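Q: My questions are about this predicted structure, shown below with the sequence.
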Amino acid sequence: MTLLAWFTVALAGLAIGATSIGGVLVVPAITAWLDVPLPEAIAASSLAFLVTGLITVLSWRAPHWRLPRADTRLLVGALVGAAVGATLAAAVPGSWLRMWIGGLALLSGLQALRLWQRGTPSDVGALRLKPGLVLPLGLLVGTGSALSGTGGPVMLLPILLLMRQPMLASVTTAQAIQIPIALSASATHLVAGRIDGWLGAALAGVLLLGALAGRALARRTGQAPLLALTGTVLAATGVWLLIF
């Protein structure tokens, strides 16, 4: 079971590197097969995404790392929301958290399959969000991501693409939002004494290796088949968490 847990974490990293989503697989894997309590699993996952998110953002080349002002407000909202979500993670019943993580995995998987079926858009340009939606969207994504122990892209990217935002800007912003979410959530978990540093570091290492492999694989095979695989795995995981 231990090998299966780490294989699933590596698969999550592969999906993140290839399609920017897949992080929602981490918490179910380590709770089911490593017997890590749910609050501690969420805390360790948040710490892991802080490391992988920082490395991802630091690897960007200009001009993609220059986020417009609307994105900055989105990140501020995510920072505050993540603190709220991390605080709630220890108070919300485990069965509710499981349903939330399962629902998030299912919806993200279905959106990935929808993108695969229709073809991912290749348009460029800045996000075109209504000003009044930016901060609430950041709060929503920050809270929901911290509650599930995910970095943010698995929740934000499908929302942005459903809103018909440009693909490149959506991916860039979804990756950037990992930093405030993971930083705020990790700090909250640390203060509460829920973080297992060794587990978080191990998760970060496996996720990073998987993400690098996913990037390389996407360049060789194209994103479409990997998007289909990621969507199928996420949807199946969501169904499993919701039913069993």
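A: Structure received.

Q: for this protein, which spans come out with low pLDDT?
A: The chain contains residues with pLDDT under 70 at 59-71, 119-124.

Q: can you give me the helices for it?
A: 2-19, 26-33, 38-58, 69-89, 94-118, 131-148, 153-162, 167-176, 178-192, 197-221, 223-243 (DSSP state H).

Q: quick one: contacts for residue 148?
A: 24, 27, 42, 97, 100, 101, 104, 154, 155 (CB atoms under 8 Å, 6 or more residues apart in numbering). Where you see a C-beta, it was placed from the backbone N, CA and C, and this is true even at glycine.

Q: Which one of those residues sits in the busiest neighbourhood?
A: residue 154 (32 neighbours; other CB atoms under 10 Å).

Q: how close does it sit to residue 81?
A: To residue 81, residue 154 is 15 Å away according to CB to CB, to the nearest Å.

Q: Could you do residue 203 as well?
A: 22 Å.

Q: Which single one of the contacts of residue 148 is nearest to residue 224?
A: residue 154 (18.8 Å; CB to CB).

Q: burial of residue 244, as a residue count?
A: For residue 244, using other CB under 10 Å, the count is 8.

Q: Please apply the same query to residue 201.
A: 14.

Q: Report the contact partners of it.
A: Contacts of residue 201 (CB under 8 Å, 6+ apart): 47, 48, 51.

Q: cutoff 6 Å now
A: With CB atoms under 6 Å, 6 or more residues apart in numbering as the criterion, no residue contacts residue 201.

Q: before we move on, what about residue 207?
A: 13, 48, 52.

Q: Just give me the neighbour total for the closest residue in space to it that isn't next to it in sequence.
A: Spatial nearest neighbour of residue 207, chain neighbours left out: residue 13 (3.9 Å); criterion: CB to CB, 6 or more residues apart in numbering. Residue 13: 28 surrounding residues under other CB under 10 Å.

Q: For residue 45, see how far away residue 13 is.
A: 12 Å.

Q: now residue 215
A: From residue 215 over to residue 45 (counting by CB to CB), the distance is 21 Å.

Q: same question, residue 218
A: On the measure of CB to CB, residue 218 and residue 45 end up 23 Å apart.

Q: Between these two, tell me which one has more neighbours.
A: Using other CB under 10 Å as the criterion, residue 218 and residue 45 rank with residue 45 on top: 35 against 18.

Q: contacting residues around the closest residue to that one other than its chain neighbours?
A: Counting by CB to CB, 6+ apart, residue 149 is the residue found nearest to residue 45 once chain neighbours are left out, at 3.5 Å. By CB under 6 Å, 6+ apart, residue 149 lies in contact with 27, 42, 45, 46.

Q: and residue 150, how many residues sit next to it?
A: Neighbour count for residue 150, taken as other CB under 10 Å: 34.

Q: I figured it hits residue 24, correct?
A: Yes - if you go by CB atoms under 6 Å, residue 150 and residue 24 touch, sitting 5.1 Å apart.
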